[in-house]
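Engineer: Need a 3D model of the following:
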Amino acid sequence: MELNSLTLDETKEFVLSLGQKSYRGEQLFSSLNRHKILDIQKIHQLPKEFRDTLETQSRINKIKILNRFDSKVDDTKKFLYLLEDNNIIESVYMKYDHGNSICISTQVGCRMGCSFCASTKEGRIRNLTAAEMLNQIYIMENDLNLTIDNIVLMGSGEPLDNYENTLKFLNIIHDPKGHNTSYRNITLSTCGIIPRIYDLGREGVPITLSISLHSPFDQYRSQIMPISKKYKINELMEACKFYTRTNNRRLTFEYTLIEGINDREEDINELVKILKGINAHINLIPLNPIKEYNMNRPSKNNVEIFYKKLKKIGIPVTIRKEKGADISASCGQLRRDYLDKTQPN
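Structural biologist: Numbering: from 1, shown residues only. Okay, here's the model as predicted:
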């Protein structure tokens, strides 16, 4: 039994099964998720005899900081974490005016195959447990001596491809007896697994949903994102409308600008069509090239032109400010750089 992957209700049920009172479950849950104690014997609220029982009947998942990289150009910090099975994941700390933010991983690797993304090049190795997602936050907070205000599930992995563990993570991190993070301070980025978008909408968890769009045309989007061969854009937009209706939340569409592929006038015109009737915001991201994807980012001037045309039409739009450029802060880059340097040829 992995204690720090249990929701509050599951923790209570577990301690009851061990012959303890329900309030011991609350103490255990808060020790793990509010006080961030990762050693059963250091949870001194619990009687010694009960701690000994917990050590024989359960375990706490632990991850370690393998390395930390601090940007010299801004306050961004990137963490490489070593998991118990020696897999490696990464998280990024970013400081904004609206608070301290973290971008966490939800899988080791990814199987979505998006052409410009470094995290998907070796495929999905495995899903992360809820505890491994939570640990990225708690260990970062302890290391930097601060509180994370905003959480983005946009690191390595596709959160909706690890749906059950992601839901447990959301439940635990939001719980008032634990970290007590507002759902409105959590963003989940997905390439668009349509059945899971509907499932998430029905859960009534009002997080911000961020859709990786990258092209308004199926023909081009499928070249960038293989998932578009299975789920067409018109189907994706219907799922998005359902999510906004059920959760009353504005959607974000991530749009990586690639020179000559999706930065044309016809792309702007089609974006207007497909986003009609959706409470949406577009986040423009100039392409961050990787060696496996031989395409170029548009010039800064062309990015500005694209931005201004969308804004003039009335579509809410921003250009993502690049963070941690000197420490490979984009998704999956640092992990791959580390593996490339440490693995034998």
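
Engineer: that's a strand at V92, yeah?
Structural biologist: Yes - assigned with DSSP: H, G, I helix; E, B strand; the rest coil, V92 falls within a strand.

Engineer: how much space between it and N283?
Structural biologist: V92 is 16 Å from N283, where distance means CB to CB, to the nearest Å. (Glycine included, C-beta is placed from N, CA and C.)

Engineer: count of residues packed around the closest residue to S58 other than its chain neighbours?
Structural biologist: Nearest non-adjacent residue to S58, counting by CB to CB, 6 or more residues apart in numbering: M1, 4.0 Å away. A count of neighbours around M1, defined by other CB atoms under 10 Å, yields 12.

Engineer: list the contacts for M1?
Structural biologist: If a contact means CB atoms under 8 Å, 6 or more residues apart in numbering, then M1 has 14, 57-59 as its contacts.

Engineer: measure it to L28 for me?
Structural biologist: For M1, the distance to L28 - CB to CB - is 12 Å.

Engineer: Likewise for N180?
Structural biologist: 17 Å.

Engineer: same check, this time on N4
Structural biologist: From N4 to L28 the distance is 10 Å (CB to CB).

Engineer: How is this protein partitioned into domains?
Structural biologist: By the assignment in automatic domain parsing, the chain contains the domains 3-57, 64-342.

Engineer: Compare N180 and L28 and say which one has the larger neighbour count.
Structural biologist: The residue with more neighbours, out of N180 and L28, is L28; 28 against 11, by other CB under 10 Å.

Engineer: Run through the stretch 101-250 of the chain and note the low-pLDDT ranges.
Structural biologist: 120-121 (pLDDT under 70).

Engineer: now the strands: where do they sit in it?
Structural biologist: In the stretch 101-250 of the chain, the strands defined using DSSP state E, counting those that start in this stretch lie at 107-109, 124-127, 150-153, 186-190, 208-212.

Engineer: residues near the residue nearest to Q223 when sequence neighbours are not counted, how many?
Structural biologist: Once flanking residues are discounted, Q223 sits nearest to S115: 7.1 Å by CB to CB, 6+ apart. S115: 18 surrounding residues under other CB under 10 Å.

Engineer: quick one: S115 from K308, how far?
Structural biologist: To K308, S115 is 27 Å away according to CB to CB.

Engineer: repeat for R297
Structural biologist: From R297 across to K308, the span is 18 Å (CB to CB).

Engineer: Pick out whichever of these two has more residues nearby.
Structural biologist: R297 (18 against 11).

Engineer: For the residue nearest in space to the middle of the chain, name its beta-bridge partners.
Structural biologist: The residue lying closest to the centre of the chain (CA atoms, centre = their mean) is L153, at 1.2 Å. Bridge pairing for L153 (DSSP bridges) gives the partners I104, L188.
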